[in-house]
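*Asks:* build the 3D model from these lines:
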Amino acid sequence: MDGHNTFPFRILTPGGELLQGEITQIQVRSYMGSMGVMAKHEPLVAACPPGIIRILQDGVWVRFKSEAFLLMTDGTAATILTSFAQYHGDRTED
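*Replies:* The predicted structure is shown next:
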């Protein structure tokens, strides 16, 4: 995978780090609508309702189900803060 198109990503819960790794894209639904984050995205903080977090990692879409969460990126890395999230089980090729 081309490292210029990936960025560090974490999902953090009060119980600890659920996921950490290099990814290509995040897709979520915020209170303002659906959104995606890729490498070098403009810095943002987005409040999101409970739902599905989709990440593209190594050419495969991985899904997590989460309680309400904050998605934060500074343009070089992204973090999701949530009270609870779990692997949702679906993996699909890009």
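
*Asks:* so how far is Val60 from Leu19?
*Replies:* Counting by C-beta to C-beta, to the nearest Å, the gap between Leu19 and Val60 amounts to 14 Å. C-beta here means a position set from N, CA and C on the backbone, and glycine is covered the same way.

*Asks:* neighbour count: these two, which is higher?
*Replies:* The neighbour comparison of Leu19 against Val60 (other C-beta atoms under 10 Å) goes to Leu19, with 18 against 12.

*Asks:* contacts only, for the nearest residue to the more buried one once chain neighbours are set aside.
*Replies:* Distance criterion C-beta to C-beta, 6 or more residues apart in numbering; nearest residue to Leu19, sequence neighbours excluded, is Ile11 at 4.4 Å. For Ile11, the contacting residues are Glu17, Leu18, Leu19, Ile53, Phe64, Ser66, Thr79, Ile80, Thr82, Ala85, by C-beta atoms under 8 Å, 6 or more residues apart in numbering.
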